[in-house]
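> predicted model and sequence below, questions to follow.
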Amino acid sequence: MIAGADPLFAHGVTGIVILIVLIKVVVGFAAWMGAVTMMIWFERKAISDMQSRIGPQRWGPFGLLQTLADGIKLFFKEDLVPAEADRLVFKLAPYLSLVPALVTFAIVPIGGTLHVAGHAVQLQVANPPMGILVMLAMSGISVYGVMLAGWASGSKYPLISSVRASAQMISYEAALGITVVTVILVSHSLTTHGIVLAQGQGVWHWNVIRLGVVPFVIFWMAITAELNRPPFDVVEAESELVGGFNTEYSSIRFALFYMAEFMNTITMSAIIVTLFFGGPAGWVPPVAHLRWVFPILWFLVKTGIFAFCYVWFRAALPRLRYDQVMDLGWKRLIPLSLGWMLIVAGFLVAPGWGFVMAAAVLLASVVLAIAFERGASRATGPESVLEPVGRRPLPEERLRALTDREEG
Amino acid sequence: MSATAYALPSIVVFVTAALLIVVGALGVLAVRNPVHAALSLILTLFGVAVAFIAQSADFLAAVQVIVYAGAIVVLFLFVIMFLGVGRSRHDHVEPLVGQRPLAALGVAVTVGGIIALLASSHWVTGATSVSGSSLAKGTGNVHQLGTAVFTTYLYAFEATAALLVIAVVGAVILARRERVTEGAE
């Protein structure tokens, strides 16, 4: 009943089914922890290559064991809790960051379907009926890790960071949700398995092409902002906020945040591949007993490309200003994703409705552009609650205004 | 569905969900720190989500977590952090005189009403339990909800949408009130 979408449970839950699920969980977890350590190494190495440095090289071949050494070091460091901290929440926050990152990966299909002992085993840890909504729910929950860490530290800059984090993540969730809706509309399925199957007939059926490239670009931007990855990492802007939400963290708790960040990077690369690039779909050579290996390889290659893009972003793109992040989210991505969803829905009903919707969206965007133009050029009073950033009166102007009022 | 038909797993799920809900709700009342209270509220919301899944209402469960735990409580926390309520030592002052007895009265009336309605049963779905009835399961949730919202309850749905838009625009207008009469700048 609960796992209705998974054929594994079709014939009731027996001992062997429980064993298969346990194996899936353990193998998935182990492989993924390995992937996280590799990702940390890869990011450091790739960035140092782009910056003409050598990067990690001491431990293991090519410095591959650097992450392990770092982990051991962090384990043995002193574990500090600041005096002003809210102790309970301070200790809880790293786990609130880590667990959503772990859970989201459970729904990613990394391969096709295997047949083991008469059971059809989907190569994903879980295939819940609400599929991709689990991803949205978990990305909503992951806000708490960053937000509570900053608040519980009892320190000024982490608090600013956590207020930024909550505002940013809430803003981009809307655009994220609407683009996921367009994917669901063409896939006729909420489950990640169904979404991947709907893209299985070849490259022209991948959602990135079938939906037009726009939803993919919006999703990519929104998910990057949701992860607080560069160029949207205003939460950890070290030039403004010391270290951001994790300034006061040390030892293993810091390591948990660090791991959660890289876990999220891999998971979201995998989610992008699942939603827009057919997941494990790809050309399978006619080899007798190894046909199931190639979808996994395709999945790894595609995910690796996106993981590399995230590293590349970090090296190449300057950080956005906070008001630019908000502008992009609310004024550009949300209207664009909404309009594109309407057009896609129209074309799914009938081509005629698609063109009607396109015309309506075009009209609405003209109206919106005029509204933005008027809003930007409007004079705002000094006492309006929300002044636009960049037009804030200078301190001496405020002082002059005060003295003028007293005289007059 | 009679009481004997419940299997052990569903009892375990129900007890876990019920404990989460009750402990979380009591925590919201008992805890002094508003941030801790908000965290307790999240516990309750998760318990409700588990209860929804146990009733085959997967979509409601997902929406419960996305909307309530993922957005609304985040906004609560946002406001709490902005106002710095959690750190203030002088929040024992009652802002509204007599709100506690009135709240107790309200709770008593609500709980009494719900118990009275439950005692007569058959008041929402026409069945004592909705699990195992003809309701759609899994992905079927979405089809059924979508059909209901966009056919039977279309006008109510659109009216709600309009209401929300009006509320948002109103809030923005009230918050951005411009007082340019002072002559500054």
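Nice, thanks for sending it over. From a predicted model like this one, the values you see are computed outputs, not experimental measurements.
> now the stretch 101-250 of chain A against chain B: closest residue?
residue A:140 (2.1 Å; Cβ to the nearest Cβ). The way it works is simple: take the backbone N, C-alpha and C, and place the C-beta from them, glycine included.
> quick one: what helix or strand has that residue in it?
For residue A:140, the element it lies in under DSSP states H and E is helix A:132-152.
> quick one: mean pLDDT over that helix.
Across helix A:132-152, the average pLDDT comes to 85.
> what angle separates the very next helix or strand once past it from helix A:132-152?
Once helix A:132-152 ends, the next helix or strand along the chain (criterion: DSSP H and E) is helix A:156-187. On the basis of axes from the mean of the first three to the mean of the last three Cα atoms, to 10 degrees, helix A:156-187 is oriented at 170 degrees to helix A:132-152.
> tell me the mean pLDDT over the helix or strand following helix A:156-187?
Using DSSP H and E, the helix or strand that follows helix A:156-187 in sequence is helix A:192-198. Averaged over helix A:192-198, pLDDT sits at 83.
> picking up where we left off before, the helix holding residue A:140 packs against which elements?
The contact analysis (3 or more Cβ pairs under 8 Å, 6 or more residues apart in numbering or on different chains; DSSP states H and E) places helix A:132-152 against helix A:87-105, helix A:156-187, helix A:251-276, helix B:34-54, helix B:58-63, helix B:73-83.
> buried set for the worst-scoring helix or strand of chain B on mean pLDDT?
Least confident helix or strand of chain B, by mean pLDDT, DSSP states H and E, is helix B:140-147 with a mean of 78. If you call a residue buried by 16 or more other Cβ atoms under 10 Å in any protein chain shown, then helix B:140-147 has these buried ones: B:141-142.
> so which elements touch that helix?
Secondary-structure packing of helix B:140-147 (3+ Cβ pairs under 8 Å, 6+ apart): helix B:58-63.
> is the helix it packs on positioned near chain A?
Yes - for helix B:58-63, a contact with chain A is found by Cβ under 8 Å from any Cβ of the partner chain, at B:58-59, B:61-63.
> turn the residues you listed into TSV, columns for neighbour count and pLDDT.
Listed next are the residues of helix B:58-63 next to chain A as TSV, based on neighbours: other Cβ atoms under 10 Å in any protein chain shown; pLDDT from 0 to 100:
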residue	neighbour count	pLDDT
B:58	29	81
B:59	23	83
B:61	25	86
B:62	26	87
B:63	20	87
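> residue A:122 - how many residues pack around it?
22 (other Cβ atoms under 10 Å in any protein chain shown).
> and it, what pLDDT?
76.
> and for residue A:15?
76.
> that one: neighbour count?
7.
> between helix A:251-276 and the helix holding residue A:140, find me the angle.
Computed by the same axes, to 10 degrees, the angle between helix A:132-152 and helix A:251-276 is 150 degrees.
> then helix A:132-152 to CSV, C-alphas only?
Extracted in CSV, the C-alpha atoms of helix A:132-152 (Å, rounded to 0.1, in the frame of the first residue of the first chain):
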residue,chain,number,x,y,z
ILE,A,132,9.8,13.6,-7.2
LEU,A,133,7.7,15.4,-4.5
VAL,A,134,10.0,13.7,-2.0
MET,A,135,12.8,15.7,-3.6
LEU,A,136,10.9,18.9,-3.1
ALA,A,137,10.0,18.0,0.5
MET,A,138,13.6,17.2,1.4
SER,A,139,14.9,20.4,-0.2
GLY,A,140,12.4,22.2,1.9
ILE,A,141,13.6,20.5,5.0
SER,A,142,17.3,21.1,4.2
VAL,A,143,16.6,24.8,4.8
TYR,A,144,16.5,24.1,8.5
GLY,A,145,20.0,22.8,8.8
VAL,A,146,21.6,26.1,7.5
MET,A,147,19.0,28.3,9.2
LEU,A,148,19.1,26.8,12.7
ALA,A,149,22.9,26.4,12.6
GLY,A,150,23.2,30.1,12.0
TRP,A,151,20.7,31.0,14.7
ALA,A,152,21.9,28.6,17.3
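> report the angle between it and helix B:140-147.
Helix A:132-152 runs at 90 degrees relative to helix B:140-147, counting by the same axes, to 10 degrees.
> could you check the angle helix A:132-152 makes with helix B:34-54?
Going by the same axes, to 10 degrees, helix A:132-152 makes 170 degrees with helix B:34-54.
> how does chain B divide up, domain by domain?
Listed domain ranges for chain B are B:8-86, B:136-179 (source: automatic domain parsing).
> buried residues in stretch A:203-215?
The neighbour-count check on stretch A:203-215 (16+ other Cβ under 10 Å) flags A:206-208, A:210-211, A:214-215 as buried.
> what's the nearest residue in chain B when you look at chain A?
Closest point on chain B to chain A, by Cβ to the nearest Cβ, is residue B:70, at 2.1 Å.
> low-confidence ranges, the stretch 51-200 of chain A, go.
Within the stretch 51-200 of chain A, the stretches with pLDDT under 70 are A:117-118.
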